[in-house]
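S.K.: no letters, just coordinates:
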């Protein structure tokens, strides 16, 4: 029982420490804004979104969308220039 409680406390601490200040403050992140932009443009449903690094180490946002016509499309957004 003690081990389980320690594990839960460690998990909660990790969540708190890895949450960015902007998320804790309720401000939208660059990823949130990119997701909203893609959703507005396509009218689709966001299936998955997150940051990835390309082969050169550049940060990109990968946003996977279910389009209204049933197709799935992946968008790659550069957070520096949209």
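M.R.: On my side now, so go ahead. Note that the structure is predicted; figures quoted are calculated from it, not measured. Numbering: from 1, shown residues only.
S.K.: could I get the pLDDT score of residue 18?
M.R.: Looking at residue 18, its pLDDT reads 57.
S.K.: which secondary element of the protein has the worst mean pLDDT?
M.R.: Sorting the helices and strands of the chain by mean pLDDT, DSSP states H and E puts helix 21-24 at the bottom, at a mean of 51.
S.K.: what pLDDT, on average, does the next helix or strand after it get?
M.R.: The helix or strand immediately downstream of helix 21-24 is helix 30-42, counting by DSSP states H and E. On average, the pLDDT along helix 30-42 is 95.
S.K.: who are the packing partners of helix 30-42?
M.R.: For helix 30-42, the elements it packs on are strand 45-53, strand 59-66, strand 72-77, judged by 3 or more CB pairs under 8 Å, 6 or more residues apart in numbering; DSSP states H and E. For every residue, glycine as well, the C-beta is placed using N, CA and C.
S.K.: give me the contacts around it.
M.R.: For helix 30-42, contacts defined as CB atoms under 8 Å, 6 or more residues apart in numbering pick out 28, 44-46, 49-51, 61, 63, 65, 67-68, 73, 75, 77, 79, 82.
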